[in-house]
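1. give me the fold of what follows.
(one chain, ligands or ions: 1)
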Amino acid sequence: MTTTYAFEHLHQPEGWLSPGYVTVENGLITAVEASAPLKGATLPVAGYALPGMHNLHSHAFQRVLAGRTESVTEMRTTDDLWTWREAMYGLVEALSPADYQAIAEFVYVHLLKGGYTTVCEFHYLHHAPGGARYANPAETSERLLQAAIDSGIALTLLPTLYLHGGIGRPVAGPQRRFAHEDPSEYLALIERLHGAYGATPTLRIGLALHSLRAVAPAELLAVTTAGLQPPERRVHIHVSETKQEVAEVEAGLGARPVRWLLDHTDLDQRWTLVHATHLDAAEQRGLATSGAVVGLCPLTEATLGDGVFPLVEHQTAGGAWGIGSDSNYAPGVAEELRMLECGQRLRLARRNILAVPGSAVTAHSGRRLYDLALAGGSQASGGLSASLTKGQRADIVVLDALSPGLLGHGPTTVLDAWLLGGGEQAVRDVMVNGRWIIRDRLHPREALVARRYAETLARLSAH
Ligand SMILES: [Zn+2]
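-> Numbering: from 1, shown residues only. Here you go, the predicted structure:
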């Protein structure tokens, strides 16, 4: 089926097209024009049409911890990522595959409402409590795939290899649910999932290595050597999130984590390094010129007290980056990019830290943040929706010009208004693969998904 939409304002790589005519056929954009096609009707769409954002790092189940780890006790008066992890492990013990799916669909519906059309799910909860195998080795992976299919979001599923509880230490306790026997068992899962889902237009299967703490060098190299094909296959890894992790890797492997990856792997555009918060100057330069994407999760990194990534230095050196919602406490593109920009402004004591003069596309912080995060995010997901141009998948987010934060703005400043001026209710319609998933801010499964999520929370609280 072919449909032509007449968008009032259409985001294009070089600026805005107002109006912009987009023809969509079988989920793909087949034409973008400045005037209406000679034949056939066009459907008018008011507002600002953007390429949907790619969320390059999510652990859907961690949403359950939102608002549940924000206190101290007599026994624990200081708190950081490692104490938060204890709470996360407590949750992991209790989750069933059905819980996992219910939470994921809830998160995915809200990611769509927040302006994301693709999510990369970094998925490490593979097995039953204690590490017993489910009859279907892809049980929890398929729960996430089904949550994505039902919610309508595009998914790059990243089943994650997790073999050790720290360098030279076996997995213990809840970590047994994460651990495969060896790289072969893990690669068999990847091939099984790729065979079953790889041909679906909105689904992709990639690789993930939990961290250099959880995967030993020989295991990492075995997986990337055998698993990094076909060419669009991606690999993600957590790296340098805390100083403690940097010290552990330096002691165990003889190099800081990013240094180790630069020296021992073919770090290139297929790789996404999640967090990469703590870098020395040589790591920062090497990473920026490697082609790899840095996966920044500004709100999660802030709530965990991880530290601040040297974004300006990375951008100036030509580095790629994108954003992830990680623990999914606030699943919106605007909140995430605002935290990112404002964190850098606080760090550097100056404003408009990524903007560069020259054109309206580069000189405005909102537009600059959006375009750079989109480029890195689409590279990290390995998808086909990096822009609203011919040949790309029709993944479109429409902002409502009449929403409170956008009133009085035009194309030049609309993204500044949305991302930095407080336009939380701006996302009105969302299309994925040529199909409207959200119209007038309503997802058709929203009420059902919220009820299932609430039931899951009630059961987990009683646990
Ligand atoms: Zn993570």
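
2. only C-alpha atoms for contact and neighbour calcs from this point on.
-> OK.

3. tell me which residues are up against the helix or strand containing Ile29.
-> Element membership of Ile29, judged by DSSP states H and E, is strand 28-33. The contact list for strand 28-33, computed with Cα atoms under 8 Å, 6 or more residues apart in numbering, reads 20-24, 388-394, 433-434.

4. likewise stretch 80-100?
-> Taking contacts as Cα under 8 Å, 6+ apart, the residues outside stretch 80-100 that touch it are 61-62, 65, 69, 125, 128-129, 139-140, 143-144, 174-175, 304-306, 456, 460, 463.

5. equivalent analysis for stretch 179-188, please.
-> The contact list for stretch 179-188, computed with Cα under 8 Å, 6+ apart, reads 124, 126-127, 131, 161-164, 171, 219, 222-223, 227.

6. tell me which residues in the strand holding Ile29 are buried?
-> Within strand 28-33, the residues that qualify as buried are Leu28, Ile29, Thr30, Ala31, Val32, counting by 16 or more other Cα atoms under 10 Å.

7. helix or strand next in line after it, which one?
-> Defined by DSSP H and E, the subsequent element after strand 28-33 is strand 43-51.

8. from Gly423, how far out is Glu335?
-> Taking Cα to Cα, to the nearest Å as the measure, Glu335 falls 9 Å from Gly423.

9. now do Glu121
-> 26 Å.

10. the two: who's more crowded?
-> Glu121 (28 against 22; other Cα atoms under 10 Å).

11. quick one: that one and Ala60 touch, right?
-> Yes: under the criterion of Cα atoms under 8 Å, Glu121 makes contact with Ala60 at 7.3 Å.

12. in strands, which of the contacts of stretch 179-188 appear?
-> Counting by DSSP state E, the part of these found in strands is Leu161.

13. let's have the contacts of stretch 179-188 in TSV, adding pLDDT, distance to Thr300 and neighbour count.
-> Compiled in TSV, the contacts of stretch 179-188 are given as follows (pLDDT from 0 to 100; distance: Cα to Cα, whole Å; neighbours: other Cα atoms under 10 Å):
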residue	pLDDT	distance to Thr300	neighbour count
Tyr124	96	18	22
His126	97	23	25
His127	97	25	24
Gly131	95	28	18
Leu161	98	22	30
Tyr162	98	21	30
Leu163	98	24	26
His164	98	24	23
Val171	96	25	17
Glu219	98	28	17
Ala222	97	31	14
Val223	98	28	20
Gly227	94	29	20
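
14. domains for the chain, by residue range?
-> Dividing the chain into domains by automatic domain parsing, as the record does, gives the ranges 2-51+385-446, 53-381.

15. output those domains in JSON lines; the columns should cover distance to Arg452.
-> As requested, the domains of the chain are arranged in JSON lines below (distance: least, Cα to Cα, whole Å):
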{"stretch": "domain 2-51+385-446", "distance to Arg452": "10"}
{"stretch": "domain 53-381", "distance to Arg452": "6"}
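
16. buried ones among the contacts of stretch 80-100?
-> The neighbour count (16+ other Cα under 10 Å) marks 61-62, 65, 125, 128-129, 140, 143-144, 174-175, 304, 306, 456 as buried among the contacts of stretch 80-100.

17. could you dump these into CSV with secondary structure added?
-> Shown next, in CSV, are the buried ones among the contacts of stretch 80-100 (DSSP: H, G, I helix; E, B strand; the rest coil):
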residue, secondary structure
Phe61, helix
Gln62, helix
Leu65, helix
Leu125, coil
Ala128, coil
Pro129, helix
Thr140, helix
Arg143, helix
Leu144, helix
Pro174, helix
Gln175, helix
Leu304, helix
Asp306, coil
Thr456, helix
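
18. select the longest strand from this protein.
-> Residue-count comparison of every strand in the chain, with assignments taken from DSSP E, identifies strand 2-12 as the longest.

19. what's the neighbour count on Leu43?
-> Around Leu43 sit 12 other residues, with neighbours defined as other Cα under 10 Å.

20. contacting residues around Cys297?
-> Residues in contact with Cys297 (Cα under 8 Å, 6+ apart) are His57, Val274, His275, Ile323, Gly324, Ser325, Asp326, Glu336.

21. what does the pLDDT read for the closest residue to it other than its chain neighbours?
-> Nearest-residue entry for Cys297: Gly324, 4.7 Å, with adjacent residues in sequence omitted and distances by Cα to Cα, 6 or more residues apart in numbering. Reported pLDDT at Gly324 in the predicted model: 98.

22. can you give me phi and psi for Gly324?
-> Recorded main-chain torsions at Gly324 are phi -130, psi 150, according to degrees, to the nearest 10.

23. if we go by neighbour counts, what in the longest strand of the chain is buried?
-> Applying a neighbour-count criterion of 16+ other Cα under 10 Å, the buried positions in strand 2-12 are Thr3, Thr4, Tyr5, Ala6, Phe7, Glu8, His9, Leu10, His11, Gln12.

24. buried residues in the worst-scoring helix or strand of the chain on mean pLDDT?
-> Every helix and strand in the chain was compared by mean pLDDT, DSSP states H and E; the lowest is helix 81-94, with a mean of 78. Residues Met88, Leu91, Val92, Glu93 are the ones in helix 81-94 that count as buried (16+ other Cα under 10 Å).

25. and if you look at stretch 244-253?
-> Within stretch 244-253, the residues that count as buried by 16+ other Cα under 10 Å are Glu245, Val246, Ala247, Glu248, Val249, Gly252, Leu253.

26. show me where the stretch 51-200 of the chain has its helices.
-> Defined through DSSP state H, counting those that start in this stretch, the helices belonging to the stretch 51-200 of the chain, from first to last, are 81-94, 97-113, 139-151, 183-197.

27. how far is the second one from where the chain is centred?
-> So the one you mean is helix 97-113. 14 Å (Cα atoms, centre = their mean, to the nearest Å).

28. in that helix, which residues are buried?
-> By neighbour count, and taking 16+ other Cα under 10 Å as the criterion, the buried residues in helix 97-113 are 97, 99-113.
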